[in-house]
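> Sequence plus the predicted model coming up.
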Amino acid sequence: MSSEFLTDLHCSDSIKAAAAVHETANAIRQQISKVIVGQDAILDQILLSMFCGGHTLVEGVPGLAKTLIISTVAKTLSLGFSRIQFTPDLMPSDVTGSEVIQEDKQTGMRNLHFVKGPVFANVILADEINRTPPKTQAALLEAMQEGQVTVGGYTHALPKPFFVLATQNPIEQEGTYPLPEAQLDRFMFLVRIGYPTEIQELEIVKRTTSGLQSEPTPVIGAPECLRIQQLVRDIPVADHVVQYALRLVRSTRLDERSPKFIRDYVSWGAGPRASQFLILAAKAKALISGDHHVMPHHLHAVVLPVMRHRIMLNFNAQADGIDTDRLVGDLIKNTPIDSAA
């Protein structure tokens, strides 16, 4: 990427900076496409989450390149990357780090010394996060929410920017520990990866069975990531768009004003964090699309990954084969953009 765009990212002119973010996103997509075939929507959702400073849970069956996508994104952003393979015997200290006794060779004094765990990186790949017990899953809670870990009564700040990108397999439940709702709610997005098309799979087979392997070139680094996060928050959003987002979220909560299909199929609706993430993600979507303010179609582009893991369905929904994606789609159709409509 040219130094001109990197310079524009840091300029005070919001129009130039927004255009630079748009070009940056295109450059990142181009580099990722050297390794990943297709999955454009998935890659955009992961980038949106990172540009918002959020965390992403990636869900898909084995063999869909979940791990490869995340590691490739980290390479294009030139960020510190750490992979944690979650297993049933993984302990919290294996994630956050621990204190060890260290002897000073000059004085002979022994002191506790904190050894940082793999969570001290910019991008954390929490691979198969649902294979480890809740005690270890909870070790990520403070890191994800506060950007710090506490060990032995001392608080240690994590590097900035900090992103947790976790993966899980939805079809294999034996020997797994489903993430509790409190942990799920801390993920900004739940991204679901589907099978590639026939043409895409043909290209995947050709690339992975030949001797030619491409590597992505870093596009931006940590300072530029932090700058983009600030630019996202600076994007203006009109009050009627915020009110529309609130109507979408609040319609999932059970009361007499809820749509009938919500009352029939939902046991628990989305909380305030959904409203916050919906607006923040829409701002990021507008920015990487080259727009200077948020419009309803930006909300529509991000409402599924924001909402799908924050709505708890009841037995009726399971019996009728209704999932959260269908409910959110019906919600968009039944919720007017204009409150007077």
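Thanks, I have the structure now.
> How far off centre is the lengthiest helix in the chain?
For the chain, the helix reaching the highest residue count under DSSP state H is reported as helix 14-32. Helix 14-32 has its C-alpha centroid displaced from the chain centroid by 19 Å (Cα atoms, centre = their mean, to the nearest Å).
> Could you pull out the buried residues of it?
By 16 or more other Cβ atoms under 10 Å, the buried positions in helix 14-32 come out as 17-25, 27-29, 31-32. The C-beta positions use only the backbone N, C-alpha and C, and glycine is treated the same way.
> and what of stretch 82-94?
82-84, 86, 90, 92, 94.
> what does stretch 290-308 give?
So stretch 290-308, judged by 16+ other Cβ under 10 Å, has buried residues 291, 294-296, 298-308.
> What of stretch 122-134?
For stretch 122-134, burial by neighbour count (16+ other Cβ under 10 Å) applies to 122-132.
> Restricted to strands, list the residues you listed.
Among the buried residues of stretch 122-134, the ones falling in strands (DSSP state E) are 123-127.
> quick one: which of those is nearest Leu158?
Taking Cβ to Cβ as the measure, Leu158 sits nearest to Ile124 out of these, at 9.2 Å.
> List the residues that contact the closest one.
82-84, 118, 143, 162-165 (Cβ atoms under 8 Å, 6 or more residues apart in numbering).
> Now distance to Leu112 and secondary structure too, for these, in CSV please.
Converted to CSV, the contacts of Ile124 look like this (distance: Cβ to Cβ, whole Å; DSSP: H, G, I helix; E, B strand; the rest coil):
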residue, distance to Leu112, secondary structure
Ser82, 23, strand
Arg83, 27, strand
Ile84, 24, strand
Pro118, 20, coil
Ala143, 21, helix
Phe162, 25, coil
Phe163, 30, strand
Val164, 27, strand
Leu165, 32, strand
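> pLDDT check: weakest of those residues?
Scanning these for pLDDT, the low point is Ala143. It has 83.
> Neighbours of it, how many?
Burial of Ala143, expressed as a neighbour count using other Cβ atoms under 10 Å, amounts to 23.
> Repeat that for Glu256.
Neighbours around Glu256, by other Cβ under 10 Å: 5.
> same check, this time on the one 10 residues further on
Using other Cβ under 10 Å, Val266 is surrounded by 24 other residues.
> what is it paired to in the beta sheet?
For Val266, the beta-bridge assignment (DSSP bridges) gives partners Leu313.
> any idea how far it is from Thr96?
Distance, Val266 to Thr96, using Cβ to Cβ, to the nearest Å: 36 Å.
> Can you show me the helices along the stretch 1-150 of the chain?
3-9, 14-32, 40-51, 66-76, 92-96, 134-137, 139-146 (DSSP state H, counting those that start in this stretch).
> Just want the most central residue of this structure.
Nearest to the geometric centre of the chain sits Thr56, at 2.2 Å (Cα atoms, centre = their mean).
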